[in-house]
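# Pasting the sequence and the predicted model now:
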Amino acid sequence: MAHAHDSSSERPAILDKVRPAELPRSPLILNNRGFHWITDKVCGIVEEETPLWWKIMFGVALFVASFTFIGLGYLVATGTGTWGLRSPVGWGWAIVNFVFWVGIGHAGTLISAILCLLRQKWRTSINRAAEAMTIFAVCCAGLFPLFHVGRVWFGWWLLPLPNQNGIWVQFRSPLEWDVFAVSTYFTVSTLFWYMGMIPDLGVIRDRATTWWRKAFYSLLAMGWRGGNRQWSNFEMAYLLLAGLSTPLVLSVHTIVSFDFAVSNVPGWHTTIFPPYFVAGAIFSGFAMVLTLMLPLRAIYRLHDVINQYHIDNMCKIILAT
């Protein structure tokens, strides 16, 4: 006769006390570097004398950038036909550059805002450079709606300002949408960039050795002392700005995509453009961050601060988009 099954004598499937092995985390800073080393390494870039090679490269870059003003002067004197704006072309060469510059500027907001809300600590090694890239990219992007109108001296008509002519802006125009998108994005990105730098500016102020540097950084640091109350207010304000900036990542390039999507041109009049443009902006923005950060990482020997872990994470986001 078979014995009855006694479940109490068997080992339970789930143990009462289980200690799972913790997965090893990749360090954000290599070689066990301390805060003092990080401060000296990062602040040394600002405090040391500007090397000769930097002045030479800056002169070359300034010379190349001067062609921008030559080209824009020729454009104003000749007309927007230089950009290929003629029937049936509605945007021409301007829209290509506008989409490019707005797109690469999205990485700074994404790294600072969305990764901040997701508590991704690895962003702190690259967010400042990405935010600075965003500011300059948006400044370049803002030129193209202005020069697209042809008569630049009437560019202020794009702003909804009361005037004696009784002329109001056409809010159904995609060009007007671009004005609001770029101005809003520039304002929020600048606030986000500057607010994140306030503790860093306070550190540089305390390390300043000359009176004019101390006065300059004291003005920018806005009385930062690093107290508990200041850190609490700073983190709350930074979190609020992150929440405000997150919708901009989606909305700004969605509005840029409307330049194409609301037109009647075959191939452009499609609803896939908003998500397609947002994914493309994140893709190109992170690619530009890598393009800029890797040479700087090698030149200033920041391999311990920006290590393979940061590069791998950025490449994963590029692959995901």
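Done, it's in. Residues are numbered from 1 along each chain as shown.

# From residue 313, how far off is residue 321?
13 Å (C-beta to C-beta, to the nearest Å). The way it works is simple: take the backbone N, C-alpha and C, and place the C-beta from them, glycine included.

# ditto for residue 85
Distance from residue 85 to residue 313, by C-beta to C-beta: 41 Å.

# Find the nearest non-adjacent residue to residue 42, please.
Among residues not flanking residue 42 along the chain, residue 305 sits closest, at 7.3 Å (C-beta to C-beta, 6 or more residues apart in numbering).

# Surely the one you found and residue 40 touch.
No. The pair residue 305 / residue 40 is not scored as a contact, 11.7 Å apart, by C-beta atoms under 8 Å.

# who has more neighbours, those two?
A direct count of neighbours by other C-beta atoms under 10 Å for residue 305 and residue 40 places residue 305 higher, at 20 against 12.

# Let's verify the more buried one: helix, strand, or coil?
Following DSSP: H, G, I helix; E, B strand; the rest coil, we place residue 305 in the coil state.

# Next up, the contacts around it.
Residues near residue 305 by C-beta atoms under 8 Å, 6 or more residues apart in numbering: 29, 33, 38, 41-42, 125.

# Closest one to residue 111 out of those, please.
Proximity of these to residue 111 (C-beta to C-beta) peaks at residue 125, which lies at 10.1 Å.

# Provide the secondary structure category for residue 169.
coil.

# surely it meets residue 175?
No. If you go by C-beta under 8 Å, residue 169 and residue 175 don't touch, sitting 9.4 Å apart.

# coming back round to it: pLDDT, distance to residue 201 and secondary structure added to the contacts of residue 305, as TSV?
Compiled in TSV, those are given as follows (pLDDT from 0 to 100; distance: C-beta to C-beta, whole Å; DSSP: H, G, I helix; E, B strand; the rest coil):
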residue	pLDDT	distance to residue 201	secondary structure
29	77	21	coil
33	79	22	coil
38	84	16	helix
41	84	17	helix
42	85	12	helix
125	85	18	helix
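
# And the helices in the stretch 201-321 of the chain?
For the stretch 201-321 of the chain, the helices defined by DSSP state H, counting those that start in this stretch occupy 211-221, 228-261, 273-299, 308-320.
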